[in-house]
Structures are given as C-alpha cells and as structure tokens.
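> please work out how this folds:
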Amino acid sequence: MNQTPQLQDQLTKYIRVTGDRNAKFVEFDFAIQDPTLFVELVLPQQAFQHFCEINQVVEMTEAQKAWNDAQEDKWRYGEESDVLNPIAQHALKQDQ
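So this is what the prediction gives:
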C-alpha cells in the first residue's frame, strides 16, 4: 500500500476524545477520511498533542458522533435508532 505523501496530506483525519481530555492518558477515536471507520487509541497527554499536530486532525462533528453512537447501539442492542433510519424519523413527524 504505497500512498504518496501528497495523497496522505489530502485525507481528512478525524478524532473524537472519548475520555477526559486533561487526564494523564487521553482515550480517543481516530479515523482517516471516513469518520465511521475508526480505531480506539490511548496515548499519554504529550504524545496525544503531538499526534494531533502531525496528523492535522479535525474534531468529529456532533452529527458524526451521533451516527457513530447510534451504530454502536445498533450492534450492542440490535435496535436501529432514528439517527440511522431517517424514514422512521420522517414517519414519526407525520404521526404528530
């Protein structure tokens, strides 16, 4: 898998801090280009800051976080939330 440094620089890198941002160790999700496909990482505070700087990360949006949370709940509980099913969300609005 050979990607040129130029291509790697064009890919958006996302983070989502899932633990205490000021703790000795920072727990966070990290994704490249697709915020729904992420890995969970833990780094010491200084290493986390350096990681964010060299990767030029952006924070996931609230919508991206909600989608990931809903996906996690779907796998954990076997139920699809309204965030994942816009048709169900629309039907609920029609019933009201």
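
> from the chain's centre, how far out does stretch 48-68 sit?
Taking C-alpha atoms, centre = their mean, to the nearest Å, the mean C-alpha location of stretch 48-68 is offset from the chain mean by 7 Å.

> what's in contact with that stretch?
9, 12-16, 26, 28-31, 35-36, 38, 43, 83-84 (C-beta atoms under 8 Å, 6 or more residues apart in numbering). Backbone N, C-alpha and C define where each C-beta goes, glycine included.

> buried sites along the longest helix anywhere in the chain?
What stands out as the longest helix in the chain, according to DSSP state H, is helix 62-77. Within helix 62-77, the residues that count as buried by 16 or more other C-beta atoms under 10 Å are 64, 67, 68, 70.

> contact partners for the closest residue to residue 37 other than its chain neighbours?
Closest residue to residue 37 apart from its sequence neighbours, by C-beta to C-beta, 6 or more residues apart in numbering: residue 31 at 5.9 Å. Applying C-beta under 8 Å, 6+ apart to residue 31 gives the contacts 13, 14, 15, 37, 38, 39, 60.

> which stretches of this protein form strands?
Using DSSP state E, the strands of the chain run over 13-17, 25-32, 38-44, 58-59.

> adding distance to residue 78 and mean pLDDT, write those strands out as JSON lines.
Formatted as JSON lines, the strands of the chain follow (distance: least, C-beta to C-beta, whole Å; pLDDT from 0 to 100):
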{"stretch": "strand 13-17", "distance to residue 78": "24", "mean pLDDT": "98"}
{"stretch": "strand 25-32", "distance to residue 78": "22", "mean pLDDT": "98"}
{"stretch": "strand 38-44", "distance to residue 78": "21", "mean pLDDT": "98"}
{"stretch": "strand 58-59", "distance to residue 78": "30", "mean pLDDT": "98"}
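
> can you go through the contacts of residue 31 and name the buried ones?
Taking 16+ other C-beta under 10 Å as the criterion, what is buried in the contacts of residue 31 is 13, 14, 15, 38, 60.
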